[in-house]
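In: Everything below, folded, please.
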Amino acid sequence: MSRPPPDTPTPDTPPLGYAHLSPGGVLDLLEAVGLHGDGRILQLNSYENRVFQVRLDDGSAVVAKFYRPGRWSDAQILEEHAFALELAEAEVPVVPPLVLHAAGADDVALHGVPTTLAHGRVEGSLYRYAVAPNRAGRSPELDDPQTLRWIGRFVGRLHAVGARRPFVHRRTLDVATFGDEARDAVLASGHLPAETERPWRDACDAALDLARARLAAVAPHLVRLHGDCHRGNVLWTDHGPHFVDLDDACNGPAIQDLWMLLAGDRAAMRAQLAELVAGYEDFRDFDWREAELVEPLRTLRMVHHCAWIARRWHDPAFPIAFPGFGTPAYWSQQIADLRDQADTMSEPPAFSPPAAR
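Out: This next block holds a predicted model:
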């Protein structure tokens, strides 16, 4: 089935921009779904969406996420919500969206079964939003082998649920979407200085060709993933980890939810992956051939990240956050990094099953 790229507005997406989303507007839209704020509101860090922690009259707190206009269709958002609710039903510790209830506001409409997505207007602008319970936590200690095993069990449980069926509306992590489309978006953006355009395109094409070949050789089984499983999206408590932010949930190989937790030199990453997989396999078998995909997936993330910044440059937050983007120095570094990735992918894989080392 042919679908527009995720950054292309679709018939059920609202106009672009957050210009009218004031704190008062946020509180009004929450009240429209029966959640009464006490006036305390804190904007949380998020480049992609607008996310607010809101204190309610009953003393509790919620997190309201206003989806970036034009990024996802309603069907994609609701599929994310359904996955989170399915995980919660299976007692996988995630933070699912709340079921919302209309409180009589004429300018708010609820969507989904159950109703987890709201469309509401502020000063004539339409916003889509969801609300979740506020959950606190700290960054996990990823240098602790027991913590890695615990997170591995956590990811294994998530993938056991994710393997039940694929996403239908959400995207698939592959070279076409995260590599070719991203490369084309960068080249069309006008952010590449003339002297770096050809070298970057050549380095990008060479790296993507190697990533494509490695993915084709492994032919991994795809499951529903968290998709952006780095340490910032795993919150740790005394009871263990829980996931936040399924905004990038997609179909893809299991290793995608493991490799971003690795750090250090090759020996350190091999040891870390062995601990993660030891925990993972308490709930689901891990195909060690997928370890060959760490560098191809890292390459896709690098190219996709450049395209993400280029696509978001009209958002005032992005020039502030990435002031060097578009300069010759920035792209020279990207060229060097992609060439390094190509060299790495031309070598034998860095990872192998513990018994084979």
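
In: For this protein, just list every one of the strands.
Out: 37-44, 50-56, 61-66, 108-111, 117-122, 125-133, 222-225, 234-237, 240-243, 250-253 (DSSP state E).

In: Those: which one's closest to D282?
Out: strand 240-243 (13.5 Å; C-beta to C-beta). C-beta here means a position set from N, CA and C on the backbone, and glycine is covered the same way.

In: Enumerate the positions of that closest one that are buried.
Out: 241-243 (16 or more other C-beta atoms under 10 Å).

In: Tell me the one of these nearest D74?
Out: F243 (22.7 Å).

In: The closest residue in space to the closest one that isn't next to it in sequence: how many residues sit nearby?
Out: Once flanking residues are discounted, F243 sits nearest to V94: 4.6 Å by C-beta to C-beta, 6 or more residues apart in numbering. Neighbour count for V94, taken as other C-beta atoms under 10 Å: 23.

In: same question, V108
Out: Counted with other C-beta under 10 Å, V108 comes out at 20.

In: Just list whatever residues bridge to it.
Out: G120 (DSSP bridges).

In: correct me, but the residue nearest to F243 touches A84?
Out: Yes - using C-beta atoms under 8 Å, V94 makes contact with A84 at a distance of 5.5 Å.

In: Give me the common contacts of those two.
Out: L246 (C-beta atoms under 8 Å, 6 or more residues apart in numbering).

In: buried stuff in stretch 95-113?
Out: 95-98, 100, 105, 108-112.

In: For Q272, state which of the buried residues of strand 240-243 is nearest.
Out: Out of the buried residues of strand 240-243, the member with the shortest distance to Q272 (by C-beta to C-beta) is P241, at 15.3 Å.

In: Next, the contact list for the residue nearest to E31 when sequence neighbours are not counted, please.
Out: With C-beta to C-beta, 6+ apart as the criterion, E31 has its nearest non-adjacent residue at 6.7 Å, and that residue is A103. A103 is in contact with 31-34, counting by C-beta under 8 Å, 6+ apart.

In: Make a PyMOL selection of the buried ones in these.
Out: To isolate the buried subset of these in PyMOL, counting by 16+ other C-beta under 10 Å, use the following:
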select buried, resi 32+33
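
In: need the contacts of A103 in JSON lines with distance to E347 and pLDDT, can you?
Out: Formatted as JSON lines, the contacts of A103 follow (distance: C-beta to C-beta, whole Å; pLDDT from 0 to 100):
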{"residue": "E31", "distance to E347": "58", "pLDDT": "95"}
{"residue": "A32", "distance to E347": "56", "pLDDT": "95"}
{"residue": "V33", "distance to E347": "54", "pLDDT": "96"}
{"residue": "G34", "distance to E347": "57", "pLDDT": "94"}
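
In: least confident pick among the buried residues of strand 240-243?
Out: Ranked by pLDDT, the buried residues of strand 240-243 bottom out at F243, which scores 82.

In: what's near enough to touch that residue?
Out: With C-beta under 8 Å, 6+ apart, F243 has these contacts: 87, 92-95, 154, 158, 226, 229, 233-235.

In: What sits closest to R270 if chain neighbours are left out?
Out: Going by C-beta to C-beta, 6+ apart, R270 has F351 as its nearest residue, at 5.9 Å.

In: Could you check how far the residue nearest to A254 when sequence neighbours are not counted is from H305?
Out: Excluding its sequence neighbours, the residue lying closest to A254 (C-beta to C-beta, 6+ apart) is H159, at 5.4 Å. Applying C-beta to C-beta, to the nearest Å, the value for H159 to H305 is 24 Å.

In: Neighbour count for those two, which is higher?
Out: Between H159 and H305, counted using other C-beta under 10 Å, H159 has the larger neighbour count: 21 against 14.

In: That one and D257 touch, don't they?
Out: Yes - contact criterion C-beta under 8 Å: H159 and D257 qualify, at 7.1 Å.

In: Would you mind listing the residues touching both of the two?
Out: L225.

In: what sits against the residue nearest to F243?
Out: 84, 87-88, 158, 242-244, 246.

In: again, only this time at 6 Å
Out: 84, 87-88, 243 (C-beta atoms under 6 Å, 6 or more residues apart in numbering).

In: now, among these, which is nearest to D337?
Out: F243 (28.7 Å).

In: On the strand side of things, show who that closest one bridges to.
Out: Beta bridges link F243 to V94, V234 when assigned by DSSP bridges.

In: where does the stretch 51-200 of the chain have low pLDDT?
Out: Along the stretch 51-200 of the chain, the model assigns pLDDT under 70 to no residue.

In: just to revisit the earlier point, out of the contacts of V94, name the two that are farthest from one another.
Out: Checking the contacts of V94 with C-beta to C-beta, the most distant pair is A88 and F243, at 10.4 Å.

In: Tell me where the stretch 101-250 of the chain has helices.
Out: 145-162, 175, 181-189, 194-218 (DSSP state H, counting those that start in this stretch).

In: Show me what the longest one is packed up against.
Out: Taking 3 or more C-beta pairs under 6 Å, 6 or more residues apart in numbering; DSSP states H and E as the contact definition, the neighbouring helices and strands of helix 194-218 are helix 175, helix 294-311, helix 328-346.

In: Fine by me, we can end here.
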